[in-house]
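**Q** Next comes the sequence, and after it the predicted model I'd like to discuss.
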Amino acid sequence: MKKTILSLSLAFVLALSVMGVACGGGNSDSTGDGNRTYDITVWVGERTDALTRNQIDRFNKTNEWGVTFNATVEVVSESKAMGNAESTPATCADIFCVAQDQLARGVRTELLAKLNSASVDFIKSNNDAASVEAASIGETVRAFPMTSDNGIFMYYDKRVIPEEDIGSLEKIIEDVENYRDDQNRRRYFSMPLADEGGWYSVLFFFATGCDCEWTIDENGHFIDYNDTLNSDNGVIALRGMQRLLRSTQHIDSSKASDFNAATPSAVVISGIWDYRTAQEALGDNLGVAPLPSFTVDGQSYKLVTYLGSKLMCVKPQQDAYKALYLQKLAMFLTDEECQTERYREVGWGPSNKEAAKGASSPALDVLKNNETVPQGQYPEEWWTELDVLVGSSKTSNESMFSTLLQEYEAKLADMRS
Amino acid sequence: MKDKKQKIIELGGGEEVLRLAPVMTFTYSGKKYVACTPEGQTGDEADLLICYKDKGEYVQAKGELAEELFSAFRSRVKNSSSSASLEYLSLNRLGKIGYKTVKFFKGIPRWFAEKFKKLGRAIASFGVKIAENVKDIGTTFKNGSWKTRVSYLVMGFGNLSHGQWLRGILFLLFEIIFIVYMALWGGSWLSQLGSLGTVATEKADVWIPELEEFQEQVIHVDNSFKILLYSLITLFFIVAFIYTWRLNVKQCRICDEITASGKKVKSTKDDLKSVLDDQFHKTLLSLPVFGIVMFTILPIIFMILVAFTNYDSNHNGYSNLFHWVGLDNFNSILDFGSGLSVAFGEILAWTLIWAFFATFSNYFLGMFVAMMINKKGIKIKKFWRTVLVMTIAIPQFISLLYVSNLFEENGIINATLVKWGWINSPIPFWENGTLAKVMVILINIWVGIPYLMLITTGILMNIPEDLYESAKIDGANGFQQFLKITLPYMLFVTGPYLLTSFVSNINNFNVIYLLTQGGPQHPAWGSVGGFVAGDTTILITWLFGITTGVKADYKMASVIGILIFIVVSVLSLIVFSIMPSTKREDDFS
């Protein structure tokens, strides 16, 4: 009986709390009543947060509509941004940057705003064709291209790999295996193949003429595929990568910091993002070259890199005005001036055609001056299955390669979403 | 009382020698007796004989003495802590271990049956209490005053009419809040609980005159996440309301009874006084209890419910709704033969193996190090302890990341071994599944030994020295002393710690994730069900990968969370019920 008051108080507190939470969740978005100030969150890649903050400040001062964005700029890497947005769809950033292979995912989970005609015109007229394709699902442009440099090439130590060998994978491996420095230390060849290496190993298949294309519907679902990895060419590709996979001096890594490891690498297959690290590690001894060719049964196959883009995505909004001005901001952040600034600050290769004209570095030039393959959209699981395929090939006889490819093909049907 | 080894006793002389196998030695009235069975026979009490030594020869007890001795023997067998049966007592050492093992596993179903019976009894008792309450509500309405009856509809009316203003107002306010809440929000949330929403978004192209452009506007209508959460809160609120309403009825009855007996009901002043006096503990506890309900119990129930939905990255509840799917998620993970269930089974097996080795390797090696340091004759003990404790001073995640790098293929360990010419090519510490498993266990020993050394040092110092001295006099060697004195004492004192350590190792995210991230990739699993799993992946790192990986799948993470809970709780209950710390509390007191 004595606990009545307490029970009642407790129940009362519960009642008030329940009312509090259940009635909450009001929408603070502006409704276009003339107030042009918006609180937004922007997720950008490493080393670009301060620059983006400055660029948004400049937009606030110079835009013709009197719009002000109070932006919170946070660093969320392009590989993680889409996953984070999926986890917190209601509260995720209003603008976020992703690698192009995340685009279908964003469309599927309805995290990308439909771009208005002005945005689409801006994207198509100012960016290179490959990046526009990268930002599109079918014929519909869904994001703003920021870069056109997502490809891989070879960083190498000139003291280990002679100039005349850089075109042949087998010769490079041989050079690495035979090398001993004055302290009798050996060298490694860093290239991910069996461990998170799908993005790299698939190039062997493309080199032999295999195809892998996925058809995506307008909602971002992978509905069909044309995959010819399970073929004679696929077997050749698997055979071609064995020389490296089974080399004692190969490691599954793509970090330019491997040049500084206890046992340093002499070759690192990586992209433009690692140029500064590689340069700091090797200085004048750094060589940059396109991917080499590999040889199977006397026939040579040229490895050709993907070329992809980083994309800036805008989240759908309940307030049409905010949605529109966010697209204006995204246009500003991906225009010639901002892309040029990004190139100068962090070395990202611009997708903007005018900005690209003035961008040049040994790493960027390798991508610009050599053949590339536009990167397609693939289901997330596909990359893992490539890892499994390549990893299994390492421990199997060549006679088993056909079986491994059949097993790989059997899994493709389940990847349709 | 101690078991006799398989030594044959010969009874009688000449040609009629009876060879007997001792079953148990026991003392009765200060004299030693041996219970035995004819050699080659086991188990049946009808074959049992009780003998004693008389002038150096074994003699069979007969007559009244035999009956007394049988009675004493039976009582000793019954009271024996090992629940010995005759069959058990006649076995050799190996046989006894086997007997106990079989008995343990045979006992598990009975143990479960008992637990279920207890659960059944608890449910039945709860049902009875509900029935009693319902009956009381009816009786109170029938026999109560009109004021009490009005209180059934207008909460607090009875209290107000008896002058208990505070209680009455609080009851009434609570009812008003409940009705308003249910009418405006609660009812709406609950009505959607069955479907978890029907329309996620409504889209429209809006003309923006200032820019002369159309812009898409996306209005979010239903939100499955909110519907589930607020419906759950509403259900809690309803339960709280029913409880309060019942309290209100009970209060009215009590007021009626007090008034009828001519006494005075408690005033508001008395109520206020009591919450600050004899009921003060409840005043203090009310807020923590509220916090536990809102921030612990409610989220747990919410996460359990998620396991019965299709909540994942494709159905985030915001832009794409999620819905109830019943037991589909459990079916997919427990569907024997499917890739996902095979992966789950293997990951579970490795999780248990990991937890076993991580717990017991640290335990015994930590104890061993502590014993070594404690040993007489060891000099600068404090120095040795300090050296080991220094590893604790470095945050574990830093040392683990560092060690992980050391053992990379191009790390310093491989570089050194190659340089010394011990190996030609790097050892794939993290690339080979079996090697990676061994490595994480070994590195965990390095990380864990100092903690165990510290814990066991204190306990070892508390073992009475005279036990060891007695053992030495009896001729026990060091190993026997460890086996018969140190280990039982340690197991007794640290039994609960061992159990919690085992459970925490099942969920030991840090060591596995920081060393290997669950890798290397398991060739047979791939992205089974969309979830990447590797050779050293344990359930908790798998769960982490499932929620943060390429395909955030909260429903499966919830299912795995529930399965981890079941595994951990079943193991904990079994181990807890058999550990000496809980069974023989007086042994070491």
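**A** Ah, there it is.

**Q** who's in contact with stretch A:241-254?
**A** Residues from elsewhere that reach stretch A:241-254 (Cβ atoms under 8 Å, 6 or more residues apart in numbering or on different chains): A:152, A:169-170, A:173, A:176-177, A:186-197, A:200-201, A:204, A:258, A:265, A:268-270, A:274, A:294, A:390, A:393-394, A:398, B:408-410, B:424-426, B:431. Every C-beta, even on glycine, is put in place using the N, C-alpha and C of the backbone.

**Q** nope, stretch B:418-437 is what I meant
**A** A:183-186, A:195, A:248-249, A:251-252, A:263, B:350, B:354, B:404, B:407-410, B:413-414, B:417, B:439, B:515-516, B:519-520, B:522, B:534-536.

**Q** Quick one: the strands in chain B, in order.
**A** B:9-11, B:18-28, B:31-38, B:49-54, B:57-60, B:201-208, B:213-220 (DSSP state E).

**Q** The ones you listed into CSV, with extra columns for distance to A:Leu412 and mean neighbour count?
**A** What follows is the strands of chain B, written out as CSV (distance: least, Cβ to Cβ, whole Å; neighbours: other Cβ atoms under 10 Å in any protein chain shown):
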stretch, distance to A:Leu412, mean neighbour count
strand B:9-11, 76, 15
strand B:18-28, 69, 19
strand B:31-38, 70, 18
strand B:49-54, 77, 17
strand B:57-60, 81, 14
strand B:201-208, 31, 13
strand B:213-220, 33, 19
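
**Q** Make CSV from these and add mean pLDDT and distance to chain A to it.
**A** Below are those laid out as CSV (pLDDT from 0 to 100; distance: least, Cβ to the nearest Cβ, whole Å):
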stretch, mean pLDDT, distance to chain A
strand B:9-11, 78, 63
strand B:18-28, 80, 56
strand B:31-38, 83, 59
strand B:49-54, 84, 62
strand B:57-60, 83, 68
strand B:201-208, 87, 4
strand B:213-220, 87, 4
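
**Q** Just put the ones you listed in CSV and tack on distance to B:Gln481.
**A** Below are those laid out as CSV (distance: least, Cβ to Cβ, whole Å):
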stretch, distance to B:Gln481
strand B:9-11, 31
strand B:18-28, 23
strand B:31-38, 26
strand B:49-54, 31
strand B:57-60, 33
strand B:201-208, 74
strand B:213-220, 71
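
**Q** how far out from the middle of the chain is stretch A:401-413?
**A** Its chain's average C-alpha position is 26 Å from that of stretch A:401-413, according to Cα atoms, centre = their mean, to the nearest Å.

**Q** Report the buried residues of that stretch.
**A** Within stretch A:401-413, the residues scored as buried using 16 or more other Cβ atoms under 10 Å in any protein chain shown are A:Phe401, A:Leu404, A:Leu405, A:Glu407, A:Tyr408, A:Glu409, A:Lys411, A:Leu412.

**Q** Number of residues surrounding the nearest residue in space to B:Tyr363 that is not next to it in sequence?
**A** In space, and not counting its chain neighbours, B:Tyr363 is closest to B:Leu452: 5.9 Å by Cβ to Cβ, 6 or more residues apart in numbering or on different chains. When counting by other Cβ atoms under 10 Å in any protein chain shown, one arrives at 25 neighbours for B:Leu452.

**Q** Quick check: B:Leu452 touching B:Asn362?
**A** Yes: under the criterion of Cβ atoms under 8 Å, B:Leu452 makes contact with B:Asn362 at 5.1 Å.

**Q** Who is the residue nearest the centre of chain A paired with across the strands?
**A** Most central residue of chain A, judged by C-alpha distance to the mean C-alpha position with Cα atoms, centre = their mean, is A:Ala99 at 3.2 Å. Note on A:Ala99: beta-bridge partners A:Lys310, judged by DSSP bridges.
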